[in-house]
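Novice: requesting a structural model of the entry that follows:
(2 chains)
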2 protein chains.
Amino acid sequence: MKTNGQIASICGPFLRKSLRLVTHRYFAMPLIALLLVNACNAKHTADENAIEAKPNLQNLTQYVNPFIGTSNFGATHPGAQYPHGMASVVPFNVAHGERQGNTFEKDASWHSRPYVHENTFLTGFSHVNLSGVGCPELGTLLLMPSAGDLVLDPAVYGSTYTDEVASPGYYSNKLTKYNIKTEVTSSLRTGISRYHFPAGNNHVLFNIGLGLTNETGGMIQRVSDTEIEGFRTIGTFCYRPEDVRPVYFVVKLNKTPDRSGVFKKMPAFKNVEADWVSYNDTYKTYENYHSPMAGDDIGAYFSFTHDAPNTVEVKVGISYVSMENARENLHAEQANFAFNDTKIKAETAWNKLLNRIKVEGSRHNKRLFYSALYHMLIHPNILQDVNGEYPKMGAHEIGNTGGKNRYTTFSLWDTSRNVHPFLSLVYPELQSDMVKSMLNMAVESGWMPKWELLSMETDVMVGDPAAAVIADTYLRGIQDFDIESAYAFLTKASDTVANNPIRKENPDYSALGYVPIDDEDTWGGSVSTSLEYYVADYSISQLAKALNKQDDAKRYYAKSLGYKHLLDTQTGMLRPKWRDGRWYSPYDPELGRNFEPAPGYVEGNAWNYRFYVPHDIPGLIEALGGSKVFLQQLQMCFDTDNYDMANEPDITYPFLFNYVAGEAWRSQQKVAELIDKYFLDTPAGLPGNDDAGTMSAWLAFSMLGLYPVSPAHMDYAIVTPQFDRIEIALSDKYYQGKSLVIKTDSRTNESQTSARPQYIQSVSFKDQTITNYFVDHHTLVTGGTLNVVLSDTPVKKQYDNRNDNEGNSYVK
Amino acid sequence: MKTNGQIASICGPFLRKSLRLVTHRYFAMPLIALLLVNACNAKHTADENAIEAKPNLQNLTQYVNPFIGTSNFGATHPGAQYPHGMASVVPFNVAHGERQGNTFEKDASWHSRPYVHENTFLTGFSHVNLSGVGCPELGTLLLMPSAGDLVLDPAVYGSTYTDEVASPGYYSNKLTKYNIKTEVTSSLRTGISRYHFPAGNNHVLFNIGLGLTNETGGMIQRVSDTEIEGFRTIGTFCYRPEDVRPVYFVVKLNKTPDRSGVFKKMPAFKNVEADWVSYNDTYKTYENYHSPMAGDDIGAYFSFTHDAPNTVEVKVGISYVSMENARENLHAEQANFAFNDTKIKAETAWNKLLNRIKVEGSRHNKRLFYSALYHMLIHPNILQDVNGEYPKMGAHEIGNTGGKNRYTTFSLWDTSRNVHPFLSLVYPELQSDMVKSMLNMAVESGWMPKWELLSMETDVMVGDPAAAVIADTYLRGIQDFDIESAYAFLTKASDTVANNPIRKENPDYSALGYVPIDDEDTWGGSVSTSLEYYVADYSISQLAKALNKQDDAKRYYAKSLGYKHLLDTQTGMLRPKWRDGRWYSPYDPELGRNFEPAPGYVEGNAWNYRFYVPHDIPGLIEALGGSKVFLQQLQMCFDTDNYDMANEPDITYPFLFNYVAGEAWRSQQKVAELIDKYFLDTPAGLPGNDDAGTMSAWLAFSMLGLYPVSPAHMDYAIVTPQFDRIEIALSDKYYQGKSLVIKTDSRTNESQTSARPQYIQSVSFKDQTITNYFVDHHTLVTGGTLNVVLSDTPVKKQYDNRNDNEGNSYVK
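Specialist: Got it, this is the predicted structure:
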């Protein structure tokens, strides 16, 4: 099984097509994976204070379209979501809908979405959910209103719906089967639902059997007429059997039901017993049951008889520590039943975060941009309870943050590329808490996280992405964490040869400088893995330099150049190699385009990986034979449709034209073209899986006109900003509290739909002209205005090729 | 569904034959039931003191054959059983054995047995069990040793076995598949198992998914390396969906395993997911899992690697209140791991109880007799924990007995007939605690119990049997309970017309004096139900008389004669009648003999019920036309094979010849003949289901030569004692502490197999000749010797017919 090591992340098209190939051995195993959104809002108190200091909040939630990414395998959800919320309340419409018009059923395929826009059959609202992630997980604790007879089978009590409304922290629809209007909102660790029932018999069902997760089993205990508590086991992320833990809950109603109890799916009895039992293979009720009830498929019901239309509110508290903590969370965040207050608090929390960046431009672009920000600010999410308790990483212990924020859901193979750099720039206090969370995970478990979910190392995807995040964050100026300790964990992962859970291929990688393809059957993706290690070692080298560890800096930098072992100059490809030094052959770089197995590569083919040396593009250019050859190959990548917008390895390629003198206009053009083609203000408005916000972060950076081309490298590539004016409120604490303004000379009004000029005529920062289309992070964060003059025609001005092997900025 | 009211009890032959009839509507419903053993050992402290006062305990456990009743649907078990134990440790061999040689599989039919002697495939040792009961229940919390690879599917890890040994409180076998010798013993609320492992990989598996019960679901929580706790839902006795509660457990090992964890059966995934998961439709392990795990089919494993043969002991504590109480029970009863001590304590407890009656006679008869006593002293069993806590009846509250014993498992339709009278005579302190338990149930729930299981009123079978037990017990001289309160609950059940959960037919019964057949489709057994009510009302009348409530006594006595409404003198049968007074017609009294439906009757046909007026046999004789007619009909009942030894309604018929002057020799002959035919020192040694000890009590009374023909009637019919000498140590507290000796003039040695004289020549008590073959309870319990002179030929001496309509004793 390929469950221990590298697992390919899944994007929408990949998933779609791979279904055709499942009979193939390579794809029939769980070797796929994915990523998460990202970050923000860490210490909400501190964060709120920071925002309070800058009043005049604009209503920016109006521009967020939570439906973006709910089609085309984007895997986002339109539910009620608090920034970085542990809980969310999401319409769950991926089960039992085969005959109800559903297109995508959770059990029909590898399916990671609690909600799919094309689907029509709702079986409840799930209270723990992932956003933009590619493996089935969570999507459970399903609250559902119904009317008429008490029906406990979700296949029967599910309903179609109309009148969907979604905004940050709020979702509503109308269940057509029951004529019930539903409204849901959420806080950080709780959700609340308001059901507008017609007169008659009404029910609130809480089903903990159904779920997107492939794990099973739970327990429910009545607390009072209006309260239950319990837990539900979740896990087996990416079908890995070992990653499992309970999610605890408390459910409270604002009205005493006329009848209530628990229910359980009974097994199919055999032989004559099937006739004797009245509950054969069906749901059995346990009315007024006061003992704990456990089982694979259980739930609770609360039934009302209303003489007139009536409203019932139900709130749910969540914890990953205990039922007591779930109750404490619920009490702290929703002491009363105050749906509107909770909704307003969620909206305000979102507005405070979104207001960090104020933009002027078309409404369409604002919708794309703020929706991208929104999707970036869901994961990593809060793990600790209000009392500070959380499950420790790799141990069976409960820790206490002492008032700090502990983040979880780190899809680092994805988010290391752009989500964390974005957070470092705009929300550095959140990024600080996130790297502290990562460091605490290492202290607890001995190793930095790779794909951490709820304090479980799911070991999904390849490489050693924590190095990039830690180094990049520190180098950007966020340094209020124990960098020596963090550094020690990074070098431990890089240097430990045997029994290294992060770099399992280190016996070979350390000896050869690359991961040979020999053991690919076991670990998979030898080239992809090698390339990730080079990026990680580059990151460590840059960090070592900053920490004045010059010997380390040289050693890791040398390791980072090991990609040259794999560079086949004849094909121009980073090519799989055997342990004995022979190239893998026969070799077809196109292999993998149609999602057939591509030996050596994970989530991509040779083309997708051929320029994936972000830390040494100049070196790659030179090794390939110079700028002309490089330019030709890079352009060919797009022209032959070998660029995949939906997967991460080639995500920086559109910006690489900036490295070739006089060709930056191609990046300006390509990025604008990709935005137009793949990012829409519609459910299908992401190119594929959001990968925990990575696609959204690509869009957000691109629309600012800036992109961080390599981890631990402080240059942003400059492309055309998509707004007339952008103002980023820079942190008081980590930067100087001034604003970074990005200004173009075009004047767009909100309703404008005609194209803005897409090329850069000239660009300057604080009146200093930038000639090379790169700008250094540390320059930008001093505040000031980046002035971008646009042009309808490309500027093909010649300038010097650069030599920046040591990681220095291009912009002086 | 026939789940609310009368349900027929099941005996072996009935069950066997009914399988052929399951397609018939009447039998395809859950309208069958059964009964429990009985009583003893209530306040063990008090009891032990009482026994200590009479030293010189004989080793009587040597005569107990726990295998009796483990075949022929007897439903007893050979496991380690403490007297009245809440826990027991029983070899469970009724699952997954279809291909392993099993004859009777639990899911193949209505199956109430955790162990069947014919079966060969053992899947563990269950820790909560019923004995001699006809509905599937309990038989779960299965501990199993295994060796070699860790296998979690009981269908695979099960094993055949040899070398079975069973004695009171102890069972052992050898698992042939693993070469593991197992030994188990138990205390009141705990069990302990000792596994003799060969060298190599060994495992202790604790499976809470599998079970005889049809209820599902449980939870397990790791406490330490050597301890787990949890609960398992049990219930749905007789397929009634609503009767459900948790049984809590703690499991402790005496050695730290090398590896341990929990396991769970995963569902069958569909479509391509089935390929992606490595645990599709199979058992998944959760090694070193520290959180609670819940599900339908879960368990725990403890794995050892032994260099040499090794022994592991595992003890299990049980509670119906909480995991904490299970732990407290375990600590109180087995603070250490001391298998041999626990075994000796169980044996001693049994010997103390068995020594109440010392007999002289053949070893064969001793084996039958002490095995019958043994089977009578299992149910009703203790419900309260060592701290006195127990689940209250009909409420969701925990009560505390304050140091007293709370009994449960009252199969009163059965046990009211002879088990409780037997206990009243020989173990009155236990019977006292049992009626106090019944009274407390009434205080807690508002109604006396009918078929109480673990504080759940399962409402199985017909009638109002608590009246018989309460009145009979009080009238026998056990009066240290609140009789006025008990009387009020009895009259409430008799007199409440509407919404009466005990006597649901009271609207008709009160108005007509009988239950008409009109609603039989709903309730079933109109004649049977009526007859039970007459017995109950007779019991109340006798109690009223004793309490000096003369008006009540007359009124209830009049009600008890209502059987005459149903007596069809033309057929001589107690015949179903319509509400309007017409006889049910066409009418075939033979109907039901072959287990086809017999309208009007439950667990029997018209013949089986035709003399079922135990409280007014003289009246019946008169109504039928006199002794000659009665004698002819009674004899015909046997001659035409219409007597069913395995079911309760006709259980007194063999003694009814005593009512006809000069014909008592027929009872002497018939009882001896039935003993010989149906009661054997072999697994098939019961005529059918033991019915919670009722068959055993029939045998025990019969072998003493005494039988209580009617509840609340103090006469014992005298038949031939099966021993040369019997000495019953009568209670100090309830009687006068003297011995009752029953002596015959024959001299038998233990190994004798030749027949003793089977007829009574003459009988006297304290030198006073008894001419009518009845002796009064109150006469006997003064102590003294009942001298029975035997003869090889029947004595057909003529004596006067009696007239005893007022319930007076025949013996003055």
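
Novice: and the closest residue to A:Gly562 other than its chain neighbours, how far is that from A:Tyr533?
Specialist: Nearest residue to A:Gly562 in three dimensions, chain neighbours excluded: A:Gly513, at 3.8 Å (CB to CB, 6 or more residues apart in numbering or on different chains). C-beta here means a position set from N, CA and C on the backbone, and glycine is covered the same way. According to CB to CB, to the nearest Å, A:Gly513 and A:Tyr533 sit 10 Å apart.

Novice: got it, and A:Gln58?
Specialist: Distance of A:Gln58 to A:Tyr533, given as CB to CB: 44 Å.

Novice: flag every residue of the stretch 501-650 of chain A that's near chain B.
Specialist: Within the stretch 501-650 of chain A, no position lies close to chain B (CB under 8 Å from any CB of the partner chain).

Novice: quick one: the helices in the stretch 501-650 of chain A?
Specialist: A:506-512, A:520-523, A:526-546, A:550-560, A:563-566, A:606-609, A:617-624, A:627-639 (DSSP state H, counting those that start in this stretch).

Novice: off-centre distance for the first one?
Specialist: Looking back up the chat, that one is helix A:506-512. 31 Å (CA atoms, centre = their mean, to the nearest Å).

Novice: got it, and the fourth one?
Specialist: When C-alpha coordinates are averaged (CA atoms, centre = their mean), helix A:550-560 and its chain have centres 31 Å apart.

Novice: overlap of the contact sets of A:Gly513 and A:Tyr533?
Specialist: Shared contacts of A:Gly513 and A:Tyr533, defined by CB atoms under 8 Å, 6 or more residues apart in numbering or on different chains, are found at A:Lys559, A:Gly562.

Novice: more neighbours, the two?
Specialist: Using other CB atoms under 10 Å in any protein chain shown, the more surrounded residue of A:Gly513 and A:Tyr533 is A:Tyr533, with 29 against 18.

Novice: quick one: contacts for the more buried one?
Specialist: Applying CB under 8 Å, 6+ apart, the residues contacting A:Tyr533 are A:Gly463, A:Asp464, A:Ser494, A:Arg503, A:Tyr509, A:Val515, A:Lys559, A:Gly562.

Novice: what about the last one, how many neighbours?
Specialist: Spelled out, it's A:Gly562. 18.

Novice: phi and psi next, for it.
Specialist: In this entry, A:Gly562 is assigned phi and psi values of phi -60, psi -10 (degrees, to the nearest 10).

Novice: before we move on, what about A:Val244?
Specialist: phi -140, psi 140.

Novice: is it bridged to anything, and to what?
Specialist: On the basis of DSSP bridges, A:Val244 is bridged to A:Gly235.

Novice: that one and A:Thr233 touch, don't they?
Specialist: Yes - counting by CB atoms under 8 Å, A:Thr233 is a contact partner of A:Val244 at 5.9 Å.

Novice: comparing these two, which residue is more hemmed in?
Specialist: Remark: of A:Val244 and A:Thr233, A:Thr233 carries more neighbours, 27 against 23, as counted by other CB under 10 Å.

Novice: please identify which of the helices of the stretch 501-650 of chain A is closest to A:Lys670.
Specialist: Set against A:Lys670 and scored by CB to CB, the helices of the stretch 501-650 of chain A come closest in helix A:627-639, at 6.5 Å.

Novice: just put the helices of the stretch 501-650 of chain A in TSV and tack on mean pLDDT.
Specialist: Shown next, in TSV, are the helices of the stretch 501-650 of chain A (pLDDT from 0 to 100):
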stretch	mean pLDDT
helix A:506-512	96
helix A:520-523	62
helix A:526-546	98
helix A:550-560	98
helix A:563-566	98
helix A:606-609	94
helix A:617-624	97
helix A:627-639	96
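
Novice: thinking again about what came up before, quick one: the residue nearest to A:Gly562 and A:Lys559 touch, right?
Specialist: Yes - if you go by CB under 8 Å, A:Gly513 and A:Lys559 touch, sitting 7.2 Å apart.

Novice: just the residues contacting stretch A:576-594, thanks.
Specialist: Around stretch A:576-594, the neighbours that count as contacts under CB under 8 Å, 6+ apart are A:17, A:508, A:512, A:514, A:516-518, A:520, A:526-527, A:565-566, A:568, A:571, A:573, A:575, A:597-601, A:604-608, A:610, A:642.

Novice: just checking the distance from that stretch to the centre of its chain.
Specialist: For stretch A:576-594, the distance to the chain centre is 31 Å (CA atoms, centre = their mean).

Novice: what about it, average pLDDT?
Specialist: Averaging pLDDT along stretch A:576-594 gives 91.

Novice: okay, now A:Leu175: neighbour count?
Specialist: 21.

Novice: report the beta-bridge partners for it.
Specialist: Counting by DSSP bridges, the residues bridging with A:Leu175 are A:Tyr161, A:Ile180.

Novice: quickly list the domain ranges of chain A.
Specialist: Per the record, chain A has its domains at A:76-259+A:294-352, A:356-713, by automatic domain parsing.

Novice: so which bits of the stretch 301-450 of chain A are right by chain B?
Specialist: So far as CB under 8 Å from any CB goes, the stretch 301-450 of chain A lies against chain B at A:His396.

Novice: how deep is the residue in the stretch 301-450 of chain A that chain B sits nearest to tucked in, by neighbour count?
Specialist: Proximity of the stretch 301-450 of chain A to chain B (CB to the nearest CB) peaks at A:His396, 3.4 Å away. Using other CB under 10 Å, the number of residues around A:His396 comes to 12.

Novice: tell me the pLDDT of it.
Specialist: In this model, A:His396 carries a pLDDT of 89.

Novice: residues near the nearest residue to it once chain neighbours are set aside, how many?
Specialist: Nearest residue to A:His396, sequence neighbours excluded (CB to CB, 6+ apart): B:His290, at 3.4 Å. Neighbourhood size, B:His290 [other CB under 10 Å]: 16.

Novice: just the element for B:His290, please.
Specialist: According to DSSP states H and E, B:His290 maps onto no helix or strand at all.

Novice: that one and A:Lys392 touch, don't they?
Specialist: No - using CB under 8 Å as the test, B:His290 is too far from A:Lys392 to be in contact (10.9 Å).

Novice: what touches both of the two?
Specialist: Shared contacts of B:His290 and A:Lys392, defined by CB under 8 Å, 6+ apart, are absent.

Novice: would you mind measuring from A:Tyr584 to A:Met448?
Specialist: Distance from A:Tyr584 to A:Met448, by CB to CB: 30 Å.

Novice: which one's more surrounded, those two?
Specialist: Neighbours of A:Tyr584 and A:Met448, each counted by other CB under 10 Å, are more numerous for A:Met448; the result is 25 against 19.

Novice: out of everything not next to it in sequence, what's closest to A:Pro267?
Specialist: Spatial nearest neighbour of A:Pro267, chain neighbours left out: B:Thr216 (6.3 Å); criterion: CB to CB, 6+ apart.
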